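S.K.: got a sequence here, can you model it:
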Amino acid sequence: MEKEDKHRYKRHNKILLLYHIVLPIKYRRSVLTPSVEASLKDICLELGKRYEMQFVEIGSDDNHVHFLVQSVPNLSVSDIIRIIKSITAKQLFKHHPEVKEMLWGGNFWTSGFYANTVGQYGNETMIRNYIEKQGIQHYNTIYKDQLKLL
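M.R.: Take a look at the predicted model:
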């Protein structure tokens with residue numbers, strides 16, 4: 001059985017960019033009814049077609065939503081989050097006015113978010129080992145530092 005290729009192909013590029021994004025709902029309100037979740041899914045799938053994003057998975061947990069999104073390099077993580085937040089909020093308020101009543105101030109999402117890259121081919125150590133073994137007789141480390149949160 002052949003393994004499915006999850007890469008995106010763009011002219012001369014082969015790309016696999018996956019992001020885990022978590023968006024909390026404003027005031028941590030529990031507004032995710034089954035009908036709101038169904039609308040959110042439909043809105044996101046339409047966004048994906050328009051903005052070259054694929055929603056691999058969407059999951060909710062009472063007062064926040066997890067997205068696993070595949071995208072292209074011309075969209076930064078900030079762009080992806082801005083697009084998701086602005087369009088989903090506008091559309092959810094339009095289709096579910098009862099939600100807007102529970103979230104005073106006109107915002108569906110909090111101003112914050114969580115974002116992380118997801119790697120198919122391994123963690124930092126595995127990638128470093130892969131780079132070091134790339135077909136050259138004597139690998140020369142030009143620079144090496146600890147991974148830090150900036």
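S.K.: what about the helices in the chain?
M.R.: All helices of the chain, identified by DSSP state H, fall at 34-51, 77-95, 97-102, 124-132.
S.K.: can I get those helices in CSV with distance to residue 118 and mean pLDDT?
M.R.: Using the backbone N, CA and C atoms, a C-beta is placed for each residue, glycine as well. CSV is the format used below for the helices of the chain (distance: least, CB to CB, whole Å; pLDDT from 0 to 100):
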stretch, distance to residue 118, mean pLDDT
helix 34-51, 17, 94
helix 77-95, 12, 97
helix 97-102, 29, 90
helix 124-132, 13, 62
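S.K.: so which of these is the most surrounded?
M.R.: Counting by mean count of other CB atoms under 10 Å, helix 77-95 has the highest mean neighbour count of these, with a mean of 17.
S.K.: list of residues touching that helix?
M.R.: Applying CB atoms under 8 Å, 6 or more residues apart in numbering, the external contacts of helix 77-95 come out as 19, 21, 23, 36, 39-40, 43-44, 47, 51, 53, 67, 69, 71, 75, 99-100, 107-109, 113, 115.
S.K.: need the CA coordinates for it. CSV is fine.
M.R.: This file holds the C-alpha atoms of helix 77-95, laid out as CSV (Å, rounded to 0.1, in the frame of the first residue of the first chain):
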residue,chain,number,x,y,z
VAL,A,77,0.8,32.2,11.1
SER,A,78,-0.5,35.7,12.0
ASP,A,79,-2.2,36.0,8.7
ILE,A,80,-3.9,32.6,9.1
ILE,A,81,-5.1,33.4,12.6
ARG,A,82,-6.3,36.9,11.5
ILE,A,83,-8.3,35.3,8.6
ILE,A,84,-9.8,32.6,10.8
LYS,A,85,-10.7,34.9,13.6
SER,A,86,-12.2,37.8,11.6
ILE,A,87,-14.3,35.8,9.1
THR,A,88,-15.5,33.1,11.5
ALA,A,89,-16.6,35.7,14.0
LYS,A,90,-18.5,37.8,11.5
GLN,A,91,-20.2,34.7,10.0
LEU,A,92,-21.0,33.1,13.3
PHE,A,93,-22.6,36.3,14.6
LYS,A,94,-24.6,36.5,11.3
HIS,A,95,-25.9,32.9,11.5
